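**Student:** could you look at this predicted model? Sequence included:
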Amino acid sequence: MTHICASLLAADYARLGEEVQHATKAGVDSFHFDMMDGHYVPNLALTPDHIKALRSYSHLPFHAHLELDNPDDVLCKFETLHAGMIIVQWDTLTDPPRTFEKIRSQNMKVGLGLSPDDSLDEASRLFQDLDLVLLLGVYPGFGGQSMQPGTLEKIESARKYIDQTNHRIPIAVDGGVKPENALSLVQAGADILIMGTALFRPIDMAQTVRSIRESLAGSQHR
Ligand code: DX5
Ligand code: ZN
């Protein structure tokens with residue numbers, strides 16, 4: 001079944017605990033914490049302290065998406081936080097195996113994020129070392145953007161690549177996901193829909209989650 005993940009970048013920062021509880025009740029499957037450094041992307045966002053502060057507000061998995069340079073320098077901040085997975089951006093890695101090993105040594109899974117212009121051919125060599133690949137549908141840094149053209153084709157290519165191997169990692173799509181394009185993303189091969197604006201802006205989040213699940217019913221790609 002397709003997994004719906006709530007990106008807290010779009011939540012109301014004055015009420016983050018309530019937002020996490022609300023999304024949990026609305027039926028999402030996990031939470032996504034964007035962490036930005038003002039350098040890799042021209043924006044700032046959440047921090048490991050938010051994971052720590054919000055951990056008790058939901059039993060669902062939390063993961064961090066590091067949209068920042070030098071991810072190795074901040075991995076120690078996650079050691080005791082019970083984030084299930086760290087997703088690092090491909091073009092921030094100088095020594096991918098070393099970064100992946102460091103994440104695993106802290107008992108977390110490893111995800112790799114690709115921006116719209118990152119080459120799938122080059123990055124796919126690392127897929128065998130991953131637990132998840134995240135395809136950004138937008139240029140990283142901001143919520144509320146429209147999905148870039150070519151995202152569906154990139155998901156299809158990643159799906160083909162993964163299905164040819166014995167290492168069947170899930171594909172997440174992040175940025176510009178909304179009820180109107182959920183079905184086409186899943187049909188292209190996405191397993192996880194990460195959504196910020198589309199979940200946190202509408203008045204009735206539970207209805208949004210229900211309508212996505214209804215539009216996807218019976219339409220899994222495998
Ligand atoms: C973009 C972030 C996304 C963002 C998605 O840099 O990685 O996680 O929160 O936001 P929406 O769903 O609003 O496009
Ligand atoms: Zn993200």
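**Tutor:** Sure thing, it's come through. Ligands and ions are numbered 1, 2, ... in the order given.

**Student:** how about the secondary structure of whatever residue of the chain ends up closest to ligand 2?
**Tutor:** Of all residues in the chain, the one sitting closest to ligand 2 is residue 65 (3.7 Å; C-beta to the ion). The way it works is simple: take the backbone N, C-alpha and C, and place the C-beta from them, glycine included. Secondary structure, DSSP: H, G, I helix; E, B strand; the rest coil: residue 65 is strand.

**Student:** where do the strands of the protein begin and end?
**Tutor:** Here the chain has its strands, by DSSP state E, at 3-7, 30-36, 62-67, 85-89, 109-114, 132-136, 171-174, 192-195.

**Student:** nearest to ligand 1, out of those strands?
**Tutor:** For the strands of the chain, proximity to ligand 1 was assessed by C-beta to the nearest ligand atom; strand 3-7 is nearest, at 3.6 Å.

**Student:** give me the contacts around that closest one.
**Tutor:** The contact list for strand 3-7, computed with C-beta atoms under 8 Å, 6 or more residues apart in numbering, reads 23, 27-32, 34, 63, 143, 170, 172, 174, 191-196, 199-200, 209, 212-213.

**Student:** if we go to 6 Å?
**Tutor:** With contact meaning C-beta atoms under 6 Å, 6 or more residues apart in numbering, strand 3-7 is reached by 23, 28, 29, 30, 31, 32, 192, 193, 194, 196, 199.

**Student:** so what sits opposite the fifth one in the bridge?
**Tutor:** This points to residue 31. For residue 31, the beta-bridge partners under DSSP bridges are residue 6, residue 62.

**Student:** how much space separates it from residue 151?
**Tutor:** Going from residue 31 to residue 151 by C-beta to C-beta, to the nearest Å gives 22 Å.

**Student:** quick one: low-confidence parts of the protein?
**Tutor:** Applying pLDDT under 70 to the chain picks out residues 220-222.

**Student:** which residues of it lie near ligand 1?
**Tutor:** Within the chain, the positions adjacent to ligand 1 are 7, 9-10, 32, 34, 65, 67, 138, 140-141, 143-145, 174-177, 194-198 by C-beta under 6 Å from any ligand atom.

**Student:** need the buried ones from the residues you listed selected in PyMOL.
**Tutor:** Only the buried entries of the residues of the chain next to ligand 1 go into this PyMOL selection, using 16 or more other C-beta atoms under 10 Å:
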select buried, resi 7+9+10+32+34+65+67+138+140+141+143+174+175+176+177+194+195+196+197+198
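
**Student:** for the residue of the chain closest to ligand 2, which non-adjacent residue is closest in space?
**Tutor:** Excluding the flanking residues, the one nearest residue 65 by C-beta to C-beta, 6 or more residues apart in numbering is residue 87, at 4.5 Å.

**Student:** and residue 155, by the same measure?
**Tutor:** residue 188 (4.1 Å).

**Student:** tell me who's in contact with that neighbour.
**Tutor:** Contact partners of residue 188, counting by C-beta under 6 Å, 6+ apart, are 152, 155, 156.

**Student:** let's see it at 10 Å
**Tutor:** Listed by C-beta atoms under 10 Å, 6 or more residues apart in numbering, the contact set of residue 188 reads 135, 151-159, 171, 173, 181, 221.

**Student:** inside helices: which ones of these?
**Tutor:** Those of the contacts of residue 188 mapping onto helices are 151, 152, 153, 154, 155, 156, 157, 158, 159, 181, per DSSP state H.

**Student:** can I assume the last one is in contact with residue 147?
**Tutor:** It stands for residue 181. Yes. With contact defined as C-beta atoms under 10 Å, residue 181 counts as touching residue 147 (6.5 Å).
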